[in-house]
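In: with the sequence up front, the predicted model follows.
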Amino acid sequence: MKRPGPFHTLGAGVVLALGIGVLSAQTMPRTDNASASSASAPVAKATTSVAPEPGETAAATASASPPAEPADPTPKRAEYAGVAQGNGGLVAVSIKNGKAVAYFCDGRIESWLKGTAENNTLTLTGKGGSLITAALGGGKAQGRLQVGKAKWRFSAPLVKKPSGLYRATAVVRGAKVVGGWIVLPGGRQVGLVDVGDAAQAAPRLTPGSPVTVGGTRLIPEDTDAFIDTL
């Protein structure tokens, strides 16, 4: 056999080197493109959200809400009428939506008062320092009455119409006429009519019917007609 000549050996070596170079280029990792892709891709931040327990939510809501105000036990609408102890005169009180009016009369003196009814307590004032303070409960209004310098205790049970308080007003020849009546369930009643500055005994009242005073016809009304304007 013939040995290959030097040119053949050199050619074979060049071919072998080229083959190894191509193979290495195909098998090497593409670090440049991978690094560029890693740098350009946004990195997501991990977040943790913990849902509150149902009990915790309810407790937070309850603590944020102010406590409810207790309901006022005062009646929205009520009529009381009774006797002033130690005087014998009558006292009537009418309540409507927190407002209160009252009338005291013993056939000689009288007093109209107005004020408030709140938390089962009455506070009413009138001319000349007249004052009523009373507590509501057990179907009664019980307290103290002052007219001028005189003071009495009173107890006035709940009543229903036709019992209770009545008032009539008119103007006759320029003089203001004001009449007041208190009617008790047993039929007892008392009242005065002021004509100008002069007071006189009121005629007997039949609830729902007019009365005549000095030729003037008056129409007594229950408290719904005047409690907001007295």
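Out: Noted; the coordinates are in hand. Remember, predicted model here, so these are calculated numbers, not experimental data.

In: may I have the secondary structure class of residue 146?
Out: strand (DSSP: H, G, I helix; E, B strand; the rest coil).

In: was I right about it contacting residue 131?
Out: Yes - here residue 146 reaches residue 131: they are 4.5 Å apart, a contact under Cβ atoms under 8 Å. (Glycine included, C-beta is placed from N, CA and C.)

In: what residue ranges in the chain score low on pLDDT?
Out: Applying pLDDT under 70 to the chain picks out residues 1-65.

In: in it, which residue is closest to the centre?
Out: In the chain, the centroid-proximal residue (Cα atoms, centre = their mean) is residue 69; its distance is 7.9 Å.

In: next up, phi/psi of that residue, please.
Out: In terms of degrees, to the nearest 10, the main-chain angles of residue 69 are phi -70, psi 140.

In: gap between it and residue 119?
Out: 11 Å (Cβ to Cβ, to the nearest Å).

In: then residue 82?
Out: 21 Å.

In: these two: who's more crowded?
Out: residue 82 (20 against 11; other Cβ atoms under 10 Å).

In: which residue ranges of the protein form helices?
Out: Taking DSSP state H, the helices of the chain run over residues 6-27, 31-40, 54-64.

In: how about the closest residue to residue 172 other than its chain neighbours, what does it touch?
Out: In this structure, residue 172 finds its nearest non-sequential neighbour in residue 216, 4.9 Å apart by Cβ to Cβ, 6 or more residues apart in numbering. By Cβ atoms under 8 Å, 6 or more residues apart in numbering, the residues touching residue 216 are 170, 172, 177.
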